[in-house]
Each structure stands twice: as C-alpha cells, then as structure tokens.
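Engineer: No sequence on hand, only this structure:
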C-alpha cells in the first residue's frame, strides 16, 4: 500500500465520517447568512434587486433550521444538504438547488423560472466593470537581465505551511476547514498534535508533506511538488500568493496552507494513521483462501433489499419503493473485489471495490468503489463507502448513495437517493424489525427454508417468486 494512495484514503474516510455525522453536524460548516447576489432567467443574467428590492437571503442554522427573507417577507423553516443537493421548506414555499464550490444555487425560485446564486455573507466579489481597451505605444525594448538568482527564488518560497482548508472531488465538491478536519480525525483516535497536517519547503529543493502522521518526501520545482514512494509517484501543482500555499493533487483534490512563523514539530518517526502496517501484511492472519480474515468476511453470497429513500424527475414513482436484492462478492488477496448485484427483475450493477483495514474501520475493514456501473451509469470513485462495523445490525453491508442523470440541467435533472442492505445468505433477520426486512424474507426465504439449498444461487435457480423464475446477474448465472 503506497503512501500516495493512502493520502486519498485519508480524504475518503473523512467523507464517510461526514456522511455518518448526519445533516446537522456535517453541514454545520454551511451555517450562516447566504445572500442572493446574481440570477438567471430564461438564459439571461438579471439584477436580483429588480425582483427583490429588499433582497433574498437564507439564514441557515445548526440543526437543520433556517429563515428565509424574500423581499422582506420572513418565513422560518427547515433545510437539508445531501451529496450537494440542497432542499428547504420555508412558509408556503419549497426550494431545491445545489451547493458547490461554496455557492448555493437555487432553481425555479417561487415558480418564476428564476435561478438565484447565493453567497455566504462577505464572500461575494462583484465582477470588475468592463475595461475599454486603449491602444498603447510600442514599449521600448528593455535590455536583457540576468535570470533571477536561484537562491532568491528559494528563499521566497521556503518555509513552514500549516493546513487551512481541504476539499475537492473526494469531498463531494465540498471544502472544509482545518478545524473540522481535525475534529473528524479526533473521532478516529488522533489528537490534534498527531493529526497536524503541514508542508515544509527547504532551500535545497526538497519538500515534505505530513498528513495525519504520514510523511511524504519529495522535491519541488516552480509550480510542482513531486513525491515518490518506491515506484509510486504523486504530483501536486502548487501556487504561492503571499503567505498562502495552494496545492492541487492529481484528481482535483485541493489543500490550502498558510505560512507559519512557529517552529515546525519533529517529523513523525512512527507509523502514520494510514501507513503500511495497518494493511494486509501479517502472514499469520491469512486464511486458507489466501486472504486476510477481514477480506474473507466479504467473500460470498448476500441477500437483502434495496430501497429508494427519495426521488425526483423521471424517478419520482420509485420513491419509498423496496425490493429484494441479491449479490455475489468475490475478493482477491490484494483487497480488490467485485460486487455483482441484482433484484428479481434486473441487474442493479457491477462494482469494483477496494477493501482496507484502517483505524476506525473495525474488524471487517472498509470498502469503497473504484470503478463499475450502477443502473447502467458509471459509478463514481468512492461513491460507495462501506464500514460494516458502523451498521445498526450485525453482519450487514449498508450502502447509502445517490444516482442522478442530467444533473447539469435542472429541468432534465432526475435522481434517486437509495439504500442497499445486505446480509450473508443464511442469516436469520430476527434481530431486525419486520418492517426493515426484505419484502420476500418471510414468504420466500423462510417459507422455502433457505437451508434446503446449497446456496443462494441454487435457491434462485430451483424456486420461483410470484410464479416466475428470478433474474440472475449474468456475471454469476
């Protein structure tokens, strides 16, 4: 397991913890007054004050409460934010939109085909007025100068920079501040001193990045950090403006750092939170299948259900629906696996997953999606993040995710927020309330006595549901 890859795991696990925190805590970073500054109607930019003389604002409060001020009419209500999708209900009005890059875009405001862009109070910078180009005389040819002294270039950049913000695709497009990041790491057992994340740029051209106790070493040139760990290389593009360092990782994750005059702490001497020792390396833990016990937990046949928690657009009729589903998970000794999943009538998807054991993930480890498709559409990297030990009931895989199409066009945008719950074939669900079991659990799974069959696939082949043969995923049929 390479350190450059492990850095991504830091971000992915934090995303999962943000989701596990629920709306009230994970979304507290958005608490504050949001003001409509720009708008669009019928593809034309409009002046917000032409529609709302006294302005349009949302005061987003902790705990999911909000106050909307619409041209002086004030209404209290509630708001939610899930996977970047914003919803609010205030007075007689409902609002939908998206939060991205710290801009809240609200669509079809009050049914007027009006889109508003809201910015947190104090963050909006109006565009400069247009500049009229004035022809200038040809400048005199300046004499050539010697290249900037190398030492001067290094002195202007070298120093100690501490983390200020981080975000990007692995954060669902969100940006969080360092305090929030350290709070999440504290829940994984790291105090702030251990979790301190910073960059050291040295005069000799070397650079060090310390993240969650993990040390990455490399070299810097103008605009580029290059970190190497064995044969693995990670590239960061960076800029320095004043005391602010902005580093962009391959893949789009962005971290900002601020120069500090304090003395840097000693470099970590032991293992970082995501260093090699935490992964599958102990020979005495390897089973007869050639894999770690944690990996073996995932291997096999799974039965459960999938349900649509909310839906919009073309998928609205699926809202609150629940269906039996089946899965076969195959795992390789290196932690890579494949999930083939389907229901009685159709293929749900085939997803490549990466399984790892890390602090806070429990005995079964954690898994995230690498590649594949769900509902005939490509699945995003880490769109699935599963920590079985966090499930409410034992021996359960719980997947909460969102599927959407045409997200860039509000009027064509369709989406579902879905949940998949799986337990190993042969599990008795008596510990789960009847209303939270698969719909076919009593009528097919129990009445047909699952133990009469060699496994789930044999049961599906030898029985019928509602008088019809059940569909089986082509990858395992």
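Structural biologist: Great, that's in hand. Quantities reported herein were computed from a predicted structural model and do not represent experimental measurements. Numbering: from 1, shown residues only.
Engineer: secondary structure class for the nearest residue to residue 207 once chain neighbours are set aside?
Structural biologist: Counting by CB to CB, 6 or more residues apart in numbering, residue 207 lies nearest to residue 220, which is 4.4 Å off, once chain neighbours are set aside. Just so you know, the C-beta spots here come from the backbone N, C-alpha and C atoms, and that holds for glycine as well. Using DSSP: H, G, I helix; E, B strand; the rest coil, the structure places residue 220 in strand.
Engineer: ok, residue 220 - contacts?
Structural biologist: Residue 220 makes contact with 157, 201, 205-207, 226, 238 under the criterion CB atoms under 8 Å, 6 or more residues apart in numbering.
Engineer: filter those to the buried ones?
Structural biologist: 157, 201, 207, 238 (16 or more other CB atoms under 10 Å).
Engineer: How about residue 323: which residues does it bridge to?
Structural biologist: Per DSSP bridges, the residues bridged to residue 323 are residue 306.
Engineer: Which pLDDT does the model give it?
Structural biologist: For residue 323, the pLDDT comes out at 95.
Engineer: That one: how many residues sit nearby?
Structural biologist: 17 (other CB atoms under 10 Å).
Engineer: what's near enough to touch it?
Structural biologist: 305-307, 343-344, 439.
Engineer: how about the residues you listed in a markdown table, adding neighbour count and distance to residue 213?
Structural biologist: Output for the contacts of residue 323, formatted as a markdown table (neighbours: other CB atoms under 10 Å; distance: CB to CB, whole Å):
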| residue | neighbour count | distance to residue 213 |
| --- | --- | --- |
| 305 | 21 | 40 |
| 306 | 21 | 38 |
| 307 | 20 | 39 |
| 343 | 16 | 43 |
| 344 | 18 | 48 |
| 439 | 14 | 46 |
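Engineer: right, and out of the contacts of residue 220, which lies closest to residue 101?
Structural biologist: Nearest to residue 101 among the contacts of residue 220, counting by CB to CB, is residue 238 at 19.5 Å.
Engineer: Name the nearest residue to that closest one, ignoring sequence neighbours.
Structural biologist: Using CB to CB, 6+ apart, the nearest residue to residue 238 is residue 247, at 4.5 Å.
Engineer: what's the host helix or strand of that neighbour in contact with?
Structural biologist: According to DSSP states H and E, residue 247 maps onto strand 244-249. The contact list for strand 244-249 (CB under 8 Å, 6+ apart) reads 7, 161, 164, 168, 199, 225, 234-240, 254-259.
Engineer: that older thread, which among the contacts of residue 220 gets closest to residue 472?
Structural biologist: residue 226 (48.4 Å).
Engineer: Quick check: which element contains the closest one?
Structural biologist: strand 224-229.
Engineer: Okay, strands next: where are they in the stretch 251-400 of the chain?
Structural biologist: 254-260, 300-312, 322-331, 336-343, 347-356, 366-374, 377-378, 385-386, 397-405 (DSSP state E, counting those that start in this stretch).
Engineer: Any chance of those strands in CSV with distance to residue 428 as columns?
Structural biologist: Output for the strands of the stretch 251-400 of the chain, formatted as CSV (distance: least, CB to CB, whole Å):
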stretch, distance to residue 428
strand 254-260, 47
strand 300-312, 11
strand 322-331, 16
strand 336-343, 22
strand 347-356, 24
strand 366-374, 24
strand 377-378, 35
strand 385-386, 22
strand 397-405, 17
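Engineer: Pick the most deeply packed of the ones you listed.
Structural biologist: Ranked by mean neighbour count, those are led by strand 385-386 with a mean of 22 (mean count of other CB atoms under 10 Å).
Engineer: That one packs against which elements?
Structural biologist: Using 3 or more CB pairs under 8 Å, 6 or more residues apart in numbering; DSSP states H and E, the elements in contact with strand 385-386 are helix 3-26, strand 366-374, strand 397-405.
Engineer: Quick one: mean pLDDT over the strand holding residue 226.
Structural biologist: 82.
Engineer: Next: stretch 186-201.
Structural biologist: 80.
Engineer: Could you list the buried residues of it?
Structural biologist: For stretch 186-201, by 16+ other CB under 10 Å, it's 188, 190, 194-201.
Engineer: sorry, back to before: can you tell me which of the contacts of residue 220 comes closest to residue 129?
Structural biologist: Once CB to CB is applied, the member of the contacts of residue 220 that ends up nearest residue 129 is residue 238, at 32.0 Å.
Engineer: before we move on, back to that, now the residue nearest to residue 238, which residues is it bridged with?
Structural biologist: Counting by DSSP bridges, residue 247 is bridged to residue 238, residue 255.
Engineer: Could you tell me how far the residue nearest to residue 207 is located from residue 333?
Structural biologist: 37 Å (CB to CB, to the nearest Å).
Engineer: sorry, back to before: next, count neighbours for the residue nearest to residue 238.
Structural biologist: 20.
Engineer: and what of the one 3 residues further on?
Structural biologist: The number of residues packed around residue 250, counting by other CB under 10 Å, is 12.
Engineer: got the contact list for residue 428?
Structural biologist: Listed by CB under 8 Å, 6+ apart, the contact set of residue 428 is empty.
Engineer: hang on, it is in a strand, isn't it?
Structural biologist: No. Assigned with three-state DSSP, residue 428 falls outside any strand and is coil.
Engineer: Could I get the phi/psi values of it?
Structural biologist: phi -90, psi 130 (degrees, to the nearest 10).
Engineer: And it, how close does it get to residue 392?
Structural biologist: 16 Å.
Engineer: re the thing from before, mind listing what's buried along the strand holding residue 247?
Structural biologist: 245-249.
Engineer: Was I right to think residue 339 contacts residue 350?
Structural biologist: Yes. With contact defined as CB atoms under 8 Å, residue 339 reaches residue 350; the gap is 7.1 Å.
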